[in-house]
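# after the sequence you'll find the predicted model.
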Amino acid sequence: MKKVVAIAAFLCAGMASVQAQDLSKNALGLRIGGNNGFGVEASYQVAVAQKNRIEIDLGWRSGDHIDHVKAVGTYQWVFPIENGFNWYVGPGVGIAHSSWDYGVGPYRNDDSKTYVLIAGQIGIEYNIKSVPLQLSLDFRPEFYLSDGLKDDFGPDFAFGIRYKF
């Protein structure tokens with residue numbers, strides 16, 4: 001019985017070391033994609049624990065007659081898959097400003113609005129071992145908390161590339 005317990009403990013310890021991940025202390029790069037038009041966000045990640053990090057994204061998006069400036073922060077739990085792949089999930093909050101213009105001449109309508117949003121984020125990433133780069137693909141549904149917006153939901157899909165340090 002002692003041998004079975006020793007073997008089980010050894011296997012569990014081995015599996016724990018396989019599940020350990022190389023979560024970089026910092027990562028800085030771009031998040032490309034978005035909702036309501038194509039855009040780019042500057043993206044910064046900082047590890048706050050062995051399997052947790054905070055991601056802060058600041059970006060500008062432009063669409064048909066509408067421009068957005070947005071800052072979003074998410075708290076993420078990171079789970080290893082294998083061979084440099086991880087998946088992550090977490091909640092977030094943000095603030096955004098939108099301005100738009102429609103029509104021409106006397107029928108022109110210019111307006112702008114600042115609003116708060118809540119978000120979630122789920123994605124997969126690949127950490128390249130030969131160079132300190134991280135590639136990611138994620139989905140960040142955003143719910144806008146404001147009166148007067150025509151759509152209060154924005155599905156935000158993006159590809160990310162970050163330098164790890």
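Received the coordinates, thanks. Residues are numbered from 1 along each chain as shown.

# return the per-residue confidence for Cys12.
Cys12 carries a pLDDT score of 46 in this model.

# do Phe143 as well
91.

# contacting residues for it?
Leu117, Ile118, Ala119, Asp152, Phe153 (Cβ atoms under 8 Å, 6 or more residues apart in numbering). Where you see a C-beta, it was placed from the backbone N, CA and C, and this is true even at glycine.

# wait, a helix at it?
No. Using DSSP: H, G, I helix; E, B strand; the rest coil, the secondary structure at Phe143 is strand, not a helix.

# so it versus Gly73, what's the distance?
To Gly73, Phe143 is 15 Å away according to Cβ to Cβ, to the nearest Å.

# ditto for Asp111
Where Gly73 is concerned, Asp111 sits at a distance of 27 Å (Cβ to Cβ).

# which of the two has more residues huddled nearby?
Between Asp111 and Gly73, counting by other Cβ atoms under 10 Å, Gly73 is the more crowded of the two (16 against 11).

# how about the contacts made by the more buried one?
Counted by Cβ under 8 Å, 6+ apart, Gly73 has contacts Ile54, Glu55, Ile56, Asp57, Gly92, Val93, Gly94.

# send the alpha carbons of stretch 42-50 over as CSV?
Extracted C-alpha coordinates of stretch 42-50, given in CSV (Å, rounded to 0.1, in the frame of the first residue of the first chain):
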residue,chain,number,x,y,z
ALA,A,42,-2.1,48.9,-27.3
SER,A,43,-2.1,46.0,-24.9
TYR,A,44,-0.2,45.5,-21.6
GLN,A,45,-0.3,42.4,-19.4
VAL,A,46,1.2,42.2,-15.9
ALA,A,47,1.3,39.0,-13.8
VAL,A,48,-0.3,39.4,-10.4
ALA,A,49,0.1,35.7,-9.3
GLN,A,50,1.4,32.4,-10.6
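
# taking the centroid of the protein, which residue is nearest it?
Gln121 (5.6 Å; Cα atoms, centre = their mean).

# okay, now the sheet partners of the helix or strand containing that residue, with direction.
Using DSSP states H and E, Gln121 maps to strand 109-128. Under the criterion DSSP bridges, strand 109-128 sits next to strand 85-102 (antiparallel), strand 133-145 (antiparallel) in its sheet.

# fine by me, thanks again.
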